[in-house]
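Student: what would the 3D arrangement of this be:
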Amino acid sequence: MTISHAYKKVSEAMSLIENLNFYEIESRQVRIIKQQKLNKAYKLLDSFRDELIRENIINKQKQGGYK
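Tutor: Numbers count the residues shown, from 1 in each chain. This is a model prediction of the structure:
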C-alpha cells in the first residue's frame, strides 16, 4: 500500500463529512441524506482499516514474524 493510496482513502472520507451540519433544523429528507453520507464515510474508513490490517499481516508474513 502506498502513501498516496492511504491519502486518497482518507481524503475521500473527509470530503463526505466536511460539510455535514446536523445542528441545522431541516426537513426529514435532508437529514436522511446527511446520515447516508456519514454512513458512507464510516464504511469507507472501516474498509480502509481492514486494508491496513491485511497489509500489516502480509508484511509480518514476509518478515516471518506472523504466528
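Student: give me the distance between the residue nearest the centre of the chain and Glu18.
Tutor: Centroid check for the chain by Cα atoms, centre = their mean gives Leu45 as the closest residue, at 1.6 Å. Leu45 sits 14 Å away from Glu18, taking Cβ to Cβ, to the nearest Å as the criterion. For glycine as for every other residue, the C-beta is placed from the backbone atoms N, C-alpha and C.
Student: which residues does the spatially closest residue to the residue nearest to the centre of the chain that is not a sequence neighbour contact?
Tutor: For Leu45, ignoring the flanking residues on the chain, the nearest one in space by Cβ to Cβ, 6 or more residues apart in numbering is Ala13 at 5.0 Å. In this structure, Ala13 makes contact with Ala41, Leu44, Leu45, Phe48, judged by Cβ atoms under 8 Å, 6 or more residues apart in numbering.
Student: ok, now with 7 Å
Tutor: Under the criterion of Cβ atoms under 7 Å, 6 or more residues apart in numbering, the contact partners of Ala13 comprise Ala41, Leu44, Leu45.
Student: could you pull up phi and psi at it?
Tutor: Ala13 adopts backbone torsions of phi -70, psi -40, taken as degrees, to the nearest 10.
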